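Engineer: this is a predicted model, with the sequence first.
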Amino acid sequence: MNIKAKASVAATALLMVLFVIDSNVRGQEPTSSPSQSVSKPATDKAKSEEPNDVAATTNAAKTEAGKPAQTAEAVSKPVQAPAAAAKPAAAPEPDFWRREEMTGDWGGTRTKWKEKGFEMEISLTQFYQGVASGGIRTSSEYNGTFQTLFKVDFGKMFGWKFWSAEIKTETRFGGPLVGGTGSINPVNTSAIIPGADGTVFSVTVVNITKLFPINLQEGKLIALSFGRYNLVDLLDEDFFAGGGTDRFFNIAQIGPLTVLRQVPLITNAVNFAYIRGGEPFITLGLLDPNDHSVDPGLDDLYADGVTFAPGINFPVKYFGKSAKHTIGGAITTKKYTPFDVIRQIIIPGPAINPITPQRGSWSINYTFRQYLVERGKGDGWGFFSQVSFADKDTSPITNFFNVGLGGNGLFKSRRGDEFGLSYAYTDLSEVLKDNIDLLRLGERLRPEHQVELFYNVHITPWLQLTGDLQVLRPSRPIADTAIVPGVRLKMIF
């Protein structure tokens, strides 16, 4: 990292310390949800809207294997206000420290746009991360991502009830992913989307969603969505995930790693979901198995096959608090070997022996979440765990397990702050291990162990500073246990 960048990071850190001191007075009034801006689910934002408007603004990008964001609950709520009621006076805009976006409501323009069916979210996230000790070598990198998200409610805009759309752009900038760890899992997910180094721009999301109501009072409907997706965004979770810009950095804490062979980062897909009780119950995604992070992918759409990604969710309550079981999987018709490149992980190839590509790559996963402290919907913290398996002939990762704690409001005086602590175990395919050059690696590849903890200070609703620490026992035997600290600064405009 050059001197100017280091000076900038140091100055920013000092400024954040001053903001934190001031924000103890200004920025931490108790709220019903940890992050009511970019990271807040679309459902919670829309609870006061009319049913047809809410449905049309469903957030198709925040889906899991094709499930729409949890907007059905808002859809099913009847309108309470009488038609003849006088329009209330507009509430004054919050001050600089309490507003949701740094630039505010633009003199009421944002509110007017939202009433007409258009929303825009802008954020800048910067990272400084390095290998402090261990691994293969010490190193550090500065990088970041600038993102814009546009939401269109066709119900409000044109009167097309239950139709909505999303467009998202991402510009990745700065140095490459931190190297020298000796691990297979990238230590910063955002650093590889949409490219792995330098400045890379991509339109990562362009999709349309149509909701088909069955019984809105019971929260039952069907969602059909199609277009282009950043599949990391589809994991809409309270305790983990976040795409690297929220919560954990390491990709191991975002989703089950065995699906990485069948499910690319950014691709085109058709998604279906049956929603009941306001929550996705059955989901199915039909994905192009090729990664299209920096190209539209329309000329060769499904040319190499298709990936089927089904899932089923079982919301329950234990000890009087919300919990959920999810069973999912993926199977693809595209031909693969364990050495074929996957952008989400670092494969220590190439193979020393010829390996015949095979079709039918599959994976299966189970996820559990349980609130331990639950103050309201999406407000609290709890336990999570994921277990997944995949076939050894096509997938580089065949066994994955993680367990952890995460959420918001660990301290009563800091209800908006988020935290997480997680352990992950990643084991590699025996076919991959048997065909790696041992002279270069020193010994046979071993399972990888990873521990990550973070604390995300919501200095204001629009300014978040995160400290992150990872401890890795890498898959490469020649690498020592790596200590990887990092810092993240997110600004919402």
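Structural biologist: Done, it's in. Keep in mind it's a predicted model, so treat the numbers as computed, not measured.
Engineer: next, the distance between the ends of stretch 431-443.
Structural biologist: 15 Å (C-alpha to C-alpha, to the nearest Å).
Engineer: average pLDDT across that stretch?
Structural biologist: Averaged across stretch 431-443, pLDDT comes to 71.
Engineer: off-centre distance for whichever helix or strand Thr125 is part of?
Structural biologist: With elements taken from DSSP states H and E, the one containing Thr125 is strand 118-131. Relative to the mean C-alpha coordinate of its chain, strand 118-131 is positioned 13 Å out (C-alpha atoms, centre = their mean, to the nearest Å).
Engineer: so that it lines up with my notes, have the first residue be 814 from now on.
Structural biologist: All set: I'll call the first residue 814, so the last point we hit is now strand 931-944.
Engineer: by contact count, what packs against it?
Structural biologist: Strand 931-944 makes packing contacts with helix 816-839, helix 922-928, strand 952-966, strand 1293-1305 when contacts are defined by 3 or more C-beta pairs under 8 Å, 6 or more residues apart in numbering; DSSP states H and E. Heads up, the C-betas are built off the backbone N, CA and C, glycines and all.
Engineer: give me the buried positions along the shortest one.
Structural biologist: Which is helix 922-928. Burial within helix 922-928, assessed by neighbour count using 16 or more other C-beta atoms under 10 Å, is assigned to Arg923, Lys927.
Engineer: show the average pLDDT along it.
Structural biologist: Taken as a whole, helix 922-928 has a mean pLDDT of 96.
Engineer: list the contacts of that helix.
Structural biologist: Outside helix 922-928, the residues within contact range by C-beta atoms under 8 Å, 6 or more residues apart in numbering are Ala903, Glu914, Asp918, Glu932, Met933, Lys969.
Engineer: ok, the second one - contacts?
Structural biologist: If I follow you right, that is Glu914. Under the criterion of C-beta under 8 Å, 6+ apart, the contact partners of Glu914 comprise Ser850, Arg923, Ile935, Pro1274, Trp1275, Ile1305, Phe1306.
Engineer: go on, the fourth one?
Structural biologist: Under the criterion of C-beta under 8 Å, 6+ apart, the neighbours of Glu932 are Thr870, Arg923, Trp926, Phe963, Lys964, Asp966.
Engineer: save these as a markdown table, and put in distance to Glu1092 too.
Structural biologist: Putting the contacts of Glu932 into a markdown table (distance: C-beta to C-beta, whole Å) gives the following:
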| residue | distance to Glu1092 |
| --- | --- |
| Thr870 | 18 |
| Arg923 | 29 |
| Trp926 | 29 |
| Phe963 | 26 |
| Lys964 | 21 |
| Asp966 | 21 |
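Engineer: just give the number of residues close to the nearest residue in space to Thr1080 that is not next to it in sequence.
Structural biologist: When the adjacent residues along the chain are set aside, Thr1080 lies closest to Asp1101, with 4.7 Å between them (C-beta to C-beta, 6 or more residues apart in numbering). Taking other C-beta atoms under 10 Å as the criterion, the count of residues near Asp1101 is 24.
Engineer: could I get the pLDDT score of Asp1101?
Structural biologist: We note a pLDDT of 96 for Asp1101 in this prediction.
Engineer: isn't it up against Val1083?
Structural biologist: No: with contacts counted by C-beta atoms under 8 Å, Asp1101 stays clear of Val1083, the gap being 9.8 Å.
Engineer: just to revisit the earlier point, buried residues, the strand holding Thr938. List them.
Structural biologist: Of the residues in strand 931-944, those buried under the neighbour-count criterion (16+ other C-beta under 10 Å) are 931-932, 934-944.
Engineer: contacting residues for Pro1298?
Structural biologist: Pro1298 makes contacts with Gln942, Gly943, Ala945, Gly1280, Asp1281, Leu1282, Gln1283, as judged by C-beta under 8 Å, 6+ apart.
Engineer: distance of it from Asp1281?
Structural biologist: Pro1298 sits 7 Å away from Asp1281 when distances are taken as C-beta to C-beta, to the nearest Å.
Engineer: shared neighbours, those two?
Structural biologist: Common neighbours of Pro1298 and Asp1281 (criterion: C-beta under 8 Å, 6+ apart): Gln942.
Engineer: pLDDT weak spots in the protein?
Structural biologist: For the chain, applying pLDDT under 70 flags the ranges 814-904, 1156-1157, 1161-1162, 1250-1255.
Engineer: how about a cut-off of 80?
Structural biologist: In the prediction, the chain carries residues with pLDDT under 80 at positions 814-906, 1068-1069, 1151-1168, 1249-1256.
Engineer: name the nearest residue to Phe931, ignoring sequence neighbours.
Structural biologist: Distance criterion C-beta to C-beta, 6+ apart; nearest residue to Phe931, sequence neighbours excluded, is Val965 at 6.0 Å.
Engineer: can you show me the helices along the chain?
Structural biologist: For the chain, the helices identified by DSSP state H occupy 816-839, 855-858, 864-869, 885-888, 922-928, 967-971, 1243-1247, 1251-1254, in order along the chain.
Engineer: for Asn1166, which non-adjacent residue is spatially closest?
Structural biologist: Across the structure, with C-beta to C-beta, 6+ apart as the measure, the residue nearest Asn1166 apart from its sequence neighbours is Asn1248 (5.0 Å).
Engineer: could you give the number of residues near that neighbour?
Structural biologist: The tally of other residues near Asn1248 (other C-beta under 10 Å) stands at 18.
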